[in-house]
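> I'll drop the sequence and a predicted model, then ask my questions.
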Amino acid sequence: MPGIEIRVEVRNTISTLDFASLSIGEAHQELGKAVAAQVQQILHRRFQNPSPQSIHPSNILAGKQLSSIARLQQDPTLPTILRQALELYLDCLNRWSRGAGLESVGRKSWSGVELAMQLQGDQPGCQSGVYREGDGSVLFWHTEEDVDEPGFARVDQPRLMRFSNPINKSTITSFIYPDLLPGPNFNWRSDGMVQFADSLILREDCRKEGNPANLIAWLSLLLEGEMPTPRIIQYLQPVFDGYAIFHLAPGSAGTRCRRVEFSVDRFQETELPTSPGGFLVQSNAFSLQAGSLAIQFERDPFPSRRHFESRIRRAEKALNNSPSKVDLERIQRMLASRAGGRWAFANKDVKAHLFGRLSSESLEIHSHPGMALLSG
């Protein structure tokens, strides 16, 4: 954010790949090298046991998506900064593919970059929320969740990656899923911007064509503050899959926070109320504010929705207190709760968690592997 100076304090215990001294393309290539063995195992399992949720039977969709992004990058009607970011994305995807050794995977009729593009259709699981404090600051939290397959874990180890953002010269720190580029996970920038994305349970016809939702998450990570995410979505529709993306940013008029829920050709933007005690929570289902999107895009039947709704109600119970009683310690206790069993905030599928506080002067980050634990 131009003109904003922010103090960033990070308490992190997750192993970090520090590529901030490299160009963004070089950083993605080094990331590919770091996750190569795991990515190749993921691809092998996807092709051995294909399903509509995990892989498409041919490279047709991946080829269409790559062609679409290349066309958009050349489209003179798009803003220059978006075209530049799309060019960066294609370069980073290619370099990540080379770093991960995907050309040598040996899939008949698939190029390495097509395999990389296909992987970008995968999604993390998660739970997210934001809360407005009495002084206007925002508390936030997010977990990264992934259900392990029998005998195999997609997330072989929690990782963070630090890399440079050429758009505004900030440094980005991102949680990394081995098969995904940064963006659809928890992230923060040295200029105080925080981004995390909550996956949505969508109908299969939301996964037939379009530019990947993960591409939008990558672009917004670089462009937020220069171009708002709803505008990016409008230029890139239709979208393959969808997310609820949260953005927080410091500003001279106070801390700003919004959520954008989107899929296919629609989106719903919701601002965090400025009044103390206001909050937004999300857990893999469209919010009440995006009810019309849920009717159109959410999977039906959706038997697990009641479990996600119970998780949201537990969050609401923890947050429906005087703002003077809601602080980082309360957020940490909420994340460490085992109430709800398999669907608790702290469950065996949590690979990492993030919580923190953003004010107009400072950003406090806590990021740790696994489920949250009670301090002390």
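That came through fine.

> Give the helix, strand or coil label for the residue nearest the centre of the chain.
Taking Cα atoms, centre = their mean, the centroid of the chain lies closest to residue 184, which sits 2.0 Å from it. Per DSSP: H, G, I helix; E, B strand; the rest coil, the local secondary structure of residue 184 is coil.

> Report the buried residues of the longest helix belonging to the chain.
Longest helix in the chain by number of residues (criterion: DSSP state H): helix 24-48. Within helix 24-48, the residues that count as buried by 16 or more other Cβ atoms under 10 Å are 24-32, 34-36, 38-43, 45-46. Backbone N, C-alpha and C define where each C-beta goes, glycine included.

> Below-threshold pLDDT in the stretch 51-200 of the chain: ranges please.
For the stretch 51-200 of the chain, applying pLDDT under 70 flags the ranges 51-58, 106.

> all helices for it, in order.
Assigned by DSSP state H, counting those that start in this stretch, the helices in the stretch 51-200 of the chain fall at 60-74, 80-99, 112-119.

> Centre of the chain to the longest one, how far?
Taking the mean of its C-alpha atoms, helix 80-99 sits 18 Å from the chain's own mean (Cα atoms, centre = their mean, to the nearest Å).

> before we move on, what about the shortest one?
Centroid separation between helix 112-119 and its chain, computed with Cα atoms, centre = their mean, is 19 Å.

> For it, which outside residues touch it?
Under the criterion Cβ atoms under 8 Å, 6 or more residues apart in numbering, residues 39, 42-43, 55-56, 59, 61-63, 65-66, 93-94, 96-98, 100-105, 107, 110, 179-180, 212 lie in contact with helix 112-119.

> quick one, strands of the stretch 251-376 of the chain?
In the stretch 251-376 of the chain, the strands defined using DSSP state E, counting those that start in this stretch lie at 256-264, 266-271, 279-282, 350-358, 362-369.

> To clarify, my last question referred to the stretch 101-250 of the chain.
125-132, 138-145, 160-164, 171-175, 186-189, 194-199, 211-212, 239-249.

> Between the strands of the stretch 251-376 of the chain, which one is closest to residue 144.
Checking the strands of the stretch 251-376 of the chain against residue 144 by Cβ to Cβ gives strand 350-358 as the closest, at 4.7 Å.

> For the residue nearest to the centre of the chain, give its distance to residue 220.
From residue 184 across to residue 220, the span is 10 Å (Cβ to Cβ, to the nearest Å).

> same check, this time on residue 9
Shown here: residue 9 relative to residue 220, a distance of 24 Å by Cβ to Cβ.

> So for those two, which residue has more residues nearby?
More neighbours surround residue 220 than the other of residue 9 and residue 220, with 28 against 11 (other Cβ atoms under 10 Å).

> give me every residue that touches the more buried one.
Residue 220 makes contact with 183, 195, 229, 232, 245, 247, according to Cβ under 8 Å, 6+ apart.

> ditto for residue 126
Residues near residue 126 by Cβ under 8 Å, 6+ apart: 142, 143, 144, 145, 185, 196, 197, 198, 199, 284.

> Skipping its backbone neighbours, what lies nearest it in space?
Spatially, and ignoring its direct neighbours in sequence, residue 126 is nearest to residue 198 (5.1 Å; Cβ to Cβ, 6 or more residues apart in numbering).

> hang on, the one you found packs against residue 260?
No. Applying Cβ atoms under 8 Å as the test, residue 198 and residue 260 come out as separate, 10.7 Å apart.

> Overlap in contacts, those two.
Contact criterion Cβ under 8 Å, 6+ apart; residues shared by residue 198 and residue 260: 244, 245.

> Comparing the two, which residue is more hemmed in?
In this view residue 198 and residue 260 are compared by other Cβ under 10 Å, and residue 198 has more residues nearby, 26 against 22.

> Report the beta-bridge partner residues of that one.
Beta bridges link residue 198 to residue 244, judged by DSSP bridges.

> can you pull the contacts of it?
Taking Cβ under 8 Å, 6+ apart as the definition, contacts of residue 198 comprise 126, 127, 128, 142, 243, 244, 245, 246, 282, 283, 284.

> again with residue 86
Residues near residue 86 by Cβ under 8 Å, 6+ apart: 69, 72, 73, 78, 219.

> Neighbours of the last one, how many?
Residue 219: 24 surrounding residues under other Cβ under 10 Å.

> got it, and the first one?
One way to gauge burial is a neighbour count; for residue 69, by other Cβ under 10 Å, it gives 20.

> Could you double-check that it lies in contact with residue 216?
No. Using Cβ under 8 Å, residue 69 makes no contact with residue 216, being 11.3 Å away.
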